[in-house]
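Student: build me a model from this:
(chains A and B)
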Protein chains: 2
Amino acid sequence: MSKKPTISARRRIIHTGVFNIEEMDLEFTNGEQRKYQCVVGSEQGAVLAVPLLDRDTVLLIREYAAGTDRYELAFPKGHIEDGEDMLVAADREIQEEVGYGARKLEHIHSFTIAPGYMSHTTHIVLASELYPQRLPGDEPEEIEVVPWKIADMDQLLRCHDFTEARSIAALFLVRDLLQAEPGT
Amino acid sequence: MSKKPTISARRRIIHTGVFNIEEMDLEFTNGEQRKYQCVVGSEQGAVLAVPLLDRDTVLLIREYAAGTDRYELAFPKGHIEDGEDMLVAADREIQEEVGYGARKLEHIHSFTIAPGYMSHTTHIVLASELYPQRLPGDEPEEIEVVPWKIADMDQLLRCHDFTEARSIAALFLVRDLLQAEPGT
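Tutor: Prediction:
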């Protein structure tokens, strides 16, 4: 296992109000020196919830995504607020975006999205034993909730609006997890 | 299906040399107006290659990731150059990072990583029928190549340095694809 390079300096390039970009001077153990730029996210990271309506069905949302300028199907997600527990954050996000609360919340994995240049981490939470409960969110328009049978996952993977790597990876994890559980 | 919001204005906030950040003024069909900031990537996007050493084994790389300041296990990836075919880009990346060329290259999916605020798209390419072939890359230190049996994927998912959502999703896709193929 290699020894990590030394970070000899770290400078903020800009904080745009949304994105915090820093530049780092690195020296690798072989003497190679590099400058890298990174998008630095919050310490606490983000949460992605997989809401399980029943043993066979997940709830997705269809929401406008400004980065790709199209509507995207994905699991609900959002930032964890300062001092907020990740399970509480997941429960809050599904109340805001899906209209359900969850009696059972389990942290099943944590993902990075582009570790080479983003510090961003997303914690994946399986939310089950749902009950109708709505919290007001800050979304600009009503979010469409789309139930999907896990058995029909192949069809979902062929949808050109279901592209987000975190949602795809989370769905595979949940499918494997449920298949490994004894049936109820 | 909702009608997309109108983008009434689009401004560059900064181009840092690495990141291009833009701000957009949006009006949703219900009249709600918002400003969103996005990290705008290249039109052609990036490529992630899953190198298949044999029917049971993928090749991962362990590389320092500046965003998370640790070594990460993931599949080789990189930008597609201007005018470069995505399959050619995948073959180039594995020659630079893994030391193999591929006689067979198949585009199996395309992922976004954070469509809400990044335009970034990564094309997933399955690279098989490998042969030893090395191209010089621009990496600051030698990259460790880590073969992994697909059957031991559960163990890989428990490694705290295998976190990247694109690599995890791509590995699940490849596993399902190979399981669906008739045995050789």
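Student: over to the residue sitting furthest away from the middle of chain A. Which of the three states is it?
Tutor: Residue farthest from the centre of chain A, counting by CA atoms, centre = their mean, is A:Gly31 at 36.3 Å. When classified by DSSP: H, G, I helix; E, B strand; the rest coil, A:Gly31 comes out as coil.
Student: next, give phi and psi for it.
Tutor: Backbone torsions of A:Gly31, given as degrees, to the nearest 10, read phi 90, psi -10.
Student: pull out the buried positions in stretch A:17-30.
Tutor: Neighbour-count burial for stretch A:17-30 flags A:Phe19, A:Asn20, A:Ile21, A:Glu22, A:Glu23, A:Met24, A:Leu26, A:Phe28 (criterion: 16 or more other CB atoms under 10 Å in any protein chain shown). Heads up, the C-betas are built off the backbone N, CA and C, glycines and all.
Student: how about stretch A:160-169?
Tutor: Buried residues in stretch A:160-169 (16+ other CB under 10 Å): A:Asp161, A:Phe162, A:Thr163, A:Glu164, A:Ala165, A:Arg166, A:Ser167, A:Ile168, A:Ala169.
Student: wait, the last one touches B:Glu164, no?
Tutor: Meaning A:Ala169. No - judged on CB atoms under 8 Å, A:Ala169 makes no contact with B:Glu164 at a distance of 9.0 Å.
Student: need the overlap of contacts for these two.
Tutor: Taking CB atoms under 8 Å, 6 or more residues apart in numbering or on different chains as the contact rule, A:Ala169 and B:Glu164 both touch A:Phe111.
Student: between the buried residues of stretch A:17-30, which sits nearest B:Arg92?
Tutor: A:Phe28 (23.0 Å; CB to CB).
Student: is A:Arg166 in contact with A:Lys77, as I believe?
Tutor: Yes - contact criterion CB under 8 Å: A:Arg166 and A:Lys77 qualify, at 7.5 Å.
Student: gap between A:Tyr71 and B:Asp154?
Tutor: A:Tyr71 sits 34 Å away from B:Asp154, going by CB to CB, to the nearest Å.
Student: in terms of neighbours, single out the busier of the two.
Tutor: Higher neighbour count among A:Tyr71 and B:Asp154: A:Tyr71, with 17 against 9, using other CB atoms under 10 Å in any protein chain shown.
Student: secondary structure class for A:Leu87?
Tutor: Assignment for A:Leu87 (three-state DSSP): helix.
Student: contacts only, for it.
Tutor: Neighbours of A:Leu87 in contact, by CB under 8 Å, 6+ apart: A:Leu105, A:His107, A:Val125.
Student: by neighbours, which of these wins?
Tutor: Busiest of the contacts of A:Leu87 [other CB under 10 Å] is A:Val125, holding 27 neighbours.
Student: distance of it relative to B:Gly67?
Tutor: 22 Å.
Student: likewise A:Thr163?
Tutor: For A:Thr163 relative to B:Gly67 (CB to CB), the value is 21 Å.
Student: likewise for A:Arg12?
Tutor: Distance from A:Arg12 to B:Gly67, by CB to CB: 15 Å.
Student: then A:Gly83?
Tutor: Using CB to CB, A:Gly83 is found at 24 Å from B:Gly67.
Student: the two: which is more packed in?
Tutor: B:Gly67 (23 against 7).
Student: wait, what's in contact with the spatially most central residue of chain A?
Tutor: Centroid check for chain A by CA atoms, centre = their mean gives A:Leu48 as the closest residue, at 3.8 Å. Contact partners of A:Leu48, counting by CB under 8 Å, 6+ apart, are A:Phe75, A:Pro76, A:Lys77, A:Ala90, A:Phe111, A:Thr122, A:His123, A:Ile124, A:Val125, A:Arg166, A:Ser167, A:Ala170.
Student: which helix or strand contains the residue lying closest to A:Ile13 once chain neighbours are set aside?
Tutor: Using CB to CB, 6 or more residues apart in numbering or on different chains and skipping residues adjacent in sequence, the residue nearest A:Ile13 is A:Ile21, 4.5 Å away. If you go by DSSP states H and E, A:Ile21 is part of strand A:20-27.
Student: show the average pLDDT along that strand.
Tutor: Averaging pLDDT along strand A:20-27 gives 98.
Student: and whichever helix or strand comes after that strand, how far from the chain's centre?
Tutor: The helix or strand immediately downstream of strand A:20-27 is strand A:33-39, counting by DSSP H and E. For strand A:33-39, the distance from its own C-alpha centre to the chain's C-alpha centre is 24 Å (CA atoms, centre = their mean, to the nearest Å).
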